[in-house]
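Novice: Sequence and computational prediction follow.
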Amino acid sequence: MLESKTARIEGYDVHYWEGGPADGGGFPVLMMHGVGPGTSIMGNFEPVLAPLSERYRLLATDLIGFGQSARKSAEPYFDVELWVRQGLALLDLMPDGPCGVAGHSLGGALALKVAAAAGRRVTHVLTSSTVGTAYPLTPALEAFWSLPADRAELRAAMADMAFDSAAVTEAMIEGRWELLAQDGYAEYFGAMFAPPRQRYLDAGIVTDRELASLADRKISMLHGVDDKPCPAQLTTVKLAERLPHARVALIEKCGHNLPREYTSGYVRAAVDLFG
């Protein structure tokens, strides 16, 4: 059972879903999503949340500015440092002791940064389709981070997220469009991703110092071979060169929406990592 909750962090109402085994146990795992038009924790992870919550104590959050969390009151709205602090604050709401962090896309870079900042509290990290390296902004990511004029443009941008465009359902389109249609959100999103957009990708770079601090963590990294916005060879593979102990799985016939396109495999990888 997943329960919708809100926490006050740095003056903002932060929304998250909490779930776990009926006995109240389970290894604690914080989950963080990527960023884009109408993105949310459910948008990235919905198919895997219920099965994972049967085994783990989940806290799956909407980043500030996304989903049901409050928007920032002042620019910059794209704020990696704030999102890292959000992650650290949410760790304080979890049971004491070791825990894990799972992140998708930019959320993968955030997961690595949170783990580095949290010290030995975070013992396990799972990334999917992560960014975190310096590489030129791809056309697919440029399009996805641009404000869509209508549902057709949103559908085209989201189609580039998947290996099979048929996997982008009308329900997914409508869910994101409803978020964009909220009062003032289109303007907010447009300001968040105002050109030039390379700077937003660069803001998510995981530094050498952060990577060095993760040498004793258990890390698994999943990435679709057919990921257009965040190509595996430029992101996960490059990070893995500096995380030689990390386990890397490159998934055939899988695009950027890995938790949705490779749902059962994602759950298996989480169980293999978190126990």
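Specialist: Everything's here; your move.
Novice: and Leu93, how many residues sit next to it?
Specialist: Applying other Cβ atoms under 10 Å, we find 16 residues neighbouring Leu93. (Each C-beta comes from the backbone N, C-alpha and C, glycine too.)
Novice: hmm, I was thinking of Ala159
Specialist: Counted with other Cβ under 10 Å, Ala159 comes out at 18.
Novice: Return the residues in contact with it.
Specialist: Applying Cβ atoms under 8 Å, 6 or more residues apart in numbering to Ala159 gives the contacts Ser165, Val168.
Novice: mind checking how far it is from Ala186?
Specialist: 20 Å (Cβ to Cβ, to the nearest Å).
Novice: mind listing the strands for the stretch 101-250 of the chain?
Specialist: 122-128, 218-224, 247-251 (DSSP state E, counting those that start in this stretch).
Novice: right, so those: which one is the most enclosed?
Specialist: strand 122-128 (a mean of 25; mean count of other Cβ atoms under 10 Å).
Novice: What angle do strand 218-224 and that one make with each other?
Specialist: 10 degrees (axes from the mean of the first three to the mean of the last three Cα atoms, to 10 degrees).
Novice: List the neighbouring strands of strand 122-128 plus their orientation.
Specialist: As defined by DSSP bridges, the strand partners of strand 122-128 come to strand 99-104 (parallel), strand 218-224 (parallel).
Novice: Pull the residues that contact it.
Specialist: Against strand 122-128 from outside (Cβ under 8 Å, 6+ apart): 29, 91, 98-105, 108-109, 111-112, 114-115, 214, 217-223, 236, 258-259, 266, 269-270, 273-274.
Novice: which of those are buried?
Specialist: 29, 91, 99-105, 108-109, 111-112, 114-115, 214, 217-223, 236, 258-259, 266, 269-270, 273-274 (16 or more other Cβ atoms under 10 Å).
Novice: how much space between the nearest residue to Ser53 once chain neighbours are set aside and Thr127?
Specialist: Closest residue in space to Ser53, ignoring its immediate chain neighbours: Gly19 at 3.2 Å, by Cβ to Cβ, 6 or more residues apart in numbering. Separation of Gly19 from Thr127 (Cβ to Cβ): 21 Å.
Novice: ditto for His15
Specialist: For His15, the distance to Thr127 equals 22 Å [Cβ to Cβ].
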